[in-house]
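[1] Generate coordinates for the sequence data below:
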Amino acid sequence: MGHDHGLHTNSVHAGQRVDPATGARAPPLYQTTSYAFEDSADAAGQFALERDGYIYSRLMNPTVETLQDRLAALEGGVGAVATASGMAALDLATFLLARAGDSVVAASDLYGGTVTYLTHSAQRRGVDTTFVDVLDYDAYADAIDADTAYVLVETVGNPSLITPDLERIADIAHDNGVPLLVDNTFATPALATPIDHGADIVWHSTTKWIHGAGTTVGGALVDAGSFDWDAHAADYPEIAQENPAYHGVTFTDRFGDAAFTYAAIARGLRDLGNQQSPFDAWQTLQKLETLPLRMQQHCRNAQLVAEHLRDHPNVSWVNYPGLADHDTHDNATTYLDSGYGGMLTFGVEDGYEAAQSVTEETTLASLLANVGDAKTLVIHPASTTHQQLTPEAQRAGGVRPEMVRVSVGIEDPADIVADLETAIEAAVGSA
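    Residues are numbered from 1 along each chain as shown. Next comes the predicted model:
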């Protein structure tokens, strides 16, 4: 079951059938490190990537494979790789696509952890990053050069909530022979499928809305199967040239359109060890079944909360893509389906300290560094998630001193509104 079914059906069924041995209907948890081979020929064939099968759970596991197949079906990709976290997925993509001396072109409004990874961790490996204004399309074209390994944007910026013109950026990247990597964490495939708009690789922190319960960390890369690696083999030797680290296998020759997927497994997971555990994949599969339903409630609640806060006397501004005056409302309407997401930010009139106080005064919403939970969550980005950035980098990323970020949950909207109202009144009164 796969891409010919709808969103709700794929969320429940894709990648899994009734267990042939037991008749179990729910996806089994295969909690094992390794697997018995049929014989020596089977073992040798699997190690040579000439036979399908399972060798070791650092590479492949039936439970994890079910999650990968389901994510690929939801995003419209040819394959997927589940990782230990969202950041592990980014590191895996960078490992495969970039070498020392290469560079990345990235939107400036990315999640703070992504910016830190690119600025420091990737740079230590000799991979530099040029950050450009997310909506300055000429800047993308100007920044790409012969050393550019990939272009990186988010479907919905964290926490800017800007939705760029994905198709325009994809065209720019492809005109220069470079793949486009899109972080779809904030939208999920319930709202957006970037592959339909030119993305070559879709990246997720499955910790967030895909799981949705705040108990399980994970990440994933989904391979569109659309980028012509062979045409740029000199730039992507891990995928399109004989690989000395894997018996001279050329992944494009062996695996065709799914070359990136199999290179990520055979080279990335094997050597980096950043695979998702079977238990985490099993938990995520259970939550994924209700993703479309949960996203509907997240979106409805966020729209109602945004509209209410916009009229609050102590709120100086509200940032939500579903508001008609949002800077990229038209782009969000084009690229997001069935809602504008579960995230909003707002400015507290009395500034930095008052914004911090709002996050301390909520009783329903929790002050913590996660998003995409069924529960409403709040945080002050300037002093937490983006604290490591310079004031200039914070501004470029859409972070303001007076900003409160709200991950709107699926509770009754009136209760969320009442909690925020009480917190704002208490914070402004004490500021």
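[2] Sort out which residues of stretch 215-231 are buried, please.
    Using 16 or more other Cβ atoms under 10 Å as the test for burial, stretch 215-231 gives 216-227, 229. From N, CA and C alone the C-beta is placed, and that goes for glycine too.
[3] With pLDDT and distance to Val18 as added columns, please give those residues in TSV.
    Formatted as TSV, these follow (pLDDT from 0 to 100; distance: Cβ to Cβ, whole Å):
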residue	pLDDT	distance to Val18
Thr216	98	25
Val217	98	30
Gly218	99	25
Gly219	99	29
Ala220	99	25
Leu221	99	28
Val222	99	25
Asp223	99	27
Ala224	99	30
Gly225	99	28
Ser226	97	33
Phe227	99	35
Trp229	99	36
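[4] would you list these in a markdown table and tack on secondary structure?
    Formatted as a markdown table, these follow (DSSP: H, G, I helix; E, B strand; the rest coil):
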| residue | secondary structure |
| --- | --- |
| Thr216 | coil |
| Val217 | coil |
| Gly218 | coil |
| Gly219 | strand |
| Ala220 | strand |
| Leu221 | strand |
| Val222 | strand |
| Asp223 | strand |
| Ala224 | coil |
| Gly225 | coil |
| Ser226 | coil |
| Phe227 | coil |
| Trp229 | coil |
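[5] export those to JSON lines and tack on distance to Asp136?
    Putting these into JSON lines (distance: Cβ to Cβ, whole Å) gives the following:
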{"residue": "Thr216", "distance to Asp136": "37"}
{"residue": "Val217", "distance to Asp136": "33"}
{"residue": "Gly218", "distance to Asp136": "33"}
{"residue": "Gly219", "distance to Asp136": "28"}
{"residue": "Ala220", "distance to Asp136": "29"}
{"residue": "Leu221", "distance to Asp136": "27"}
{"residue": "Val222", "distance to Asp136": "27"}
{"residue": "Asp223", "distance to Asp136": "28"}
{"residue": "Ala224", "distance to Asp136": "25"}
{"residue": "Gly225", "distance to Asp136": "30"}
{"residue": "Ser226", "distance to Asp136": "25"}
{"residue": "Phe227", "distance to Asp136": "24"}
{"residue": "Trp229", "distance to Asp136": "28"}
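[6] which one of these sits closest to Val78?
    Val78 lies nearest to Gly225 out of the buried residues of stretch 215-231, by Cβ to Cβ, at 3.3 Å.
[7] about what we covered before: hmm, which two among the buried residues of stretch 215-231 are most spread apart?
    Thr216 and Trp229, at 32.1 Å, using Cβ to Cβ across those.
[8] how about stretch 269-288 as PDB, C-alpha atoms only?
    Extracted in PDB, the C-alpha atoms of stretch 269-288 (Å, rounded to 0.1, in the frame of the first residue of the first chain):
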ATOM      1  CA  LEU A 269      23.800   4.700   9.200                       C
ATOM      2  CA  ARG A 270      26.600   2.100   9.000                       C
ATOM      3  CA  ASP A 271      29.400   4.500   9.800                       C
ATOM      4  CA  LEU A 272      27.600   7.200  11.900                       C
ATOM      5  CA  GLY A 273      25.300   4.900  13.900                       C
ATOM      6  CA  ASN A 274      22.600   7.500  14.000                       C
ATOM      7  CA  GLN A 275      19.700   5.100  13.300                       C
ATOM      8  CA  GLN A 276      16.300   5.300  15.000                       C
ATOM      9  CA  SER A 277      15.600   2.500  17.500                       C
ATOM     10  CA  PRO A 278      12.900   0.000  16.800                       C
ATOM     11  CA  PHE A 279      11.000   1.000  20.000                       C
ATOM     12  CA  ASP A 280      11.000   4.700  19.000                       C
ATOM     13  CA  ALA A 281       9.900   3.800  15.500                       C
ATOM     14  CA  TRP A 282       7.100   1.600  16.900                       C
ATOM     15  CA  GLN A 283       5.900   4.400  19.100                       C
ATOM     16  CA  THR A 284       6.000   6.900  16.200                       C
ATOM     17  CA  LEU A 285       4.000   4.500  14.000                       C
ATOM     18  CA  GLN A 286       1.200   4.400  16.500                       C
ATOM     19  CA  LYS A 287       1.000   8.200  16.700                       C
ATOM     20  CA  LEU A 288       1.300   8.700  13.000                       C
END
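[9] centre of the chain versus it, how much separation?
    15 Å (Cα atoms, centre = their mean, to the nearest Å).
[10] Give me the residues contacting it.
    Contact with stretch 269-288 is made by 11, 16, 26-27, 29-32, 57-59, 61, 63-64, 66-67, 70, 81-85, 88-89, 91-92, 95, 206, 210-213, 215-220, 245, 268, as judged by Cβ atoms under 8 Å, 6 or more residues apart in numbering.
[11] make it 7 Å
    Stretch 269-288 is contacted from outside by 11, 27, 29-31, 57-59, 61, 63-64, 66-67, 70, 81-84, 88, 91-92, 95, 206, 210-213, 215-216, 218, using Cβ atoms under 7 Å, 6 or more residues apart in numbering.
[12] Mark which of those are part of strands, please.
    With DSSP state E as the criterion, strands contain 81-83 from among those.
[13] which one of these is nearest Asp171?
    Val81 (26.2 Å).
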